[in-house]
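>>> Test case, fold it:
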Amino acid sequence: MKVISLFFSLFLLLASHSVFGQEVELEAPVPQMKSRVIETSESMSEGTNTALMVILEVTDERLVDKVWKNFMKDYGGKTKRVRGSKENLTVTEIVSINGVTPINIYSRSETGMDGYIEQIVWFDLGEEYLSYNLRSKYEEAEKMLLKFALECKVENTQIELKEAEKKLKSLEGDLDKLTRQNMGYHKDIEDAERRIEEAKLNIVRNEELQGDTTQKIELQKELVEEINRRLSGLRGN
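As a prediction, this is how the structure comes out:
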């Protein structure tokens, strides 16, 4: 019985993947990209140093740079471009990372192989660059970058919303135009039908007038013939 039960279970397993000799493809869940932070070593204006890279759920570098500058303002920092490089530099104080000692934050955005933006951030603590060795500070920086990633996603979603609303407004305008055209076509039909009815009445009147005129022509012919006879009589013909 155990052999039969095992065989039956195996049959059900195979049947779930095949129906009458045809493979049934099971739908795999669509993976959803999530922002994440990783430690890396990257070259920059101050050499090659440890950095934190946050992979964002957006594909627009200009959007990322804009959000980053505003994000740094929340930490009391003013961001400026490092001369001769693609990096930005913000000098500020982040107590949870470096106490009251000012920190130099270098950043650069790049487009990854998958099209998503990678924000590379170097935290220059003065004596060293932030790495996972400084675990508590690293975790604070990680939270900060994930918050930044969320703000990028929010900003990008707001842009998508504006574009979608703009498209919706355009489509509603198209529908309004088509509705007015439809009303115009119905009016054209109504006008045409009215003219057809008028033309039908005109045809009836015309045919009546043709009948009257035909009778008048016959009477006029008779009069002409009578006058010709009288003229002939006067001439003695």
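
>>> which residue is nearest the centroid of this protein?
Nearest to the mean C-alpha position of the chain, by C-alpha atoms, centre = their mean, lies Ala164 at 5.1 Å.

>>> Remind me which helix or strand that residue belongs to.
Taking DSSP states H and E as the definition, Ala164 sits inside helix 135-235.

>>> pLDDT score for the residue nearest to the centre of the chain?
In the prediction, the pLDDT value recorded for Ala164 is 97.

>>> In the chain, where is pLDDT below threshold?
Applying pLDDT under 70 to the chain flags residues 1-33, 237.

>>> and with 90 instead?
In the predicted model of the chain, residues 1-36, 84, 100, 126-127, 230-237 satisfy pLDDT under 90.

>>> so who does Lys34 touch?
With contact taken as C-beta atoms under 8 Å, 6 or more residues apart in numbering, Lys34 is in contact with Glu57. Every C-beta, even on glycine, is put in place using the N, C-alpha and C of the backbone.

>>> my read is it is in a strand, agree?
No - looking at Lys34 with DSSP: H, G, I helix; E, B strand; the rest coil, it is coil, so not inside a strand.

>>> ok, so what distance separates it from Leu150?
Distance check for Lys34 against Leu150: by C-beta to C-beta, to the nearest Å, it reads 11 Å.

>>> what does Glu140 give?
The gap separating Glu140 from Leu150 is 16 Å, by C-beta to C-beta.

>>> same deal with Tyr132?
Counting by C-beta to C-beta - Tyr132 and Leu150 are separated by 22 Å.

>>> Next: Arg83.
31 Å.

>>> Give me the more crowded residue out of those two.
Leu150 (13 against 8; other C-beta atoms under 10 Å).

>>> my guess is the more buried one meets Ser35, correct?
Yes - with contact defined as C-beta atoms under 8 Å, Leu150 counts as touching Ser35 (7.4 Å).

>>> So what's the gap between stretch 141-149 and the chain middle?
28 Å (C-alpha atoms, centre = their mean, to the nearest Å).

>>> buried ones in that stretch?
141-142, 144-145, 148-149 (16 or more other C-beta atoms under 10 Å).

>>> Then stretch 149-163?
Quick answer for stretch 149-163 (16+ other C-beta under 10 Å): 149, 151-152, 155-156.

>>> right, and out of those, which lies closest to Met183?
Asn156 (40.7 Å; C-beta to C-beta).

>>> For the nearest residue to that closest one once chain neighbours are set aside, give its distance to Gly77.
Distances taken as C-beta to C-beta, 6 or more residues apart in numbering put Val58 closest to Asn156, at 4.4 Å, once the chain neighbours are dropped. According to C-beta to C-beta, Val58 and Gly77 sit 22 Å apart.

>>> got it, and Asn133?
On the measure of C-beta to C-beta, Asn133 and Gly77 end up 24 Å apart.

>>> The two: who's more crowded?
Gly77 (20 against 10).

>>> For that one, what are phi and psi?
phi -110, psi 150 (degrees, to the nearest 10).

>>> ok, and the closest non-adjacent residue to it?
Distance criterion C-beta to C-beta, 6+ apart; nearest residue to Gly77, sequence neighbours excluded, is Thr92 at 3.1 Å.

>>> Before I go, just wanted to say thanks for your time.
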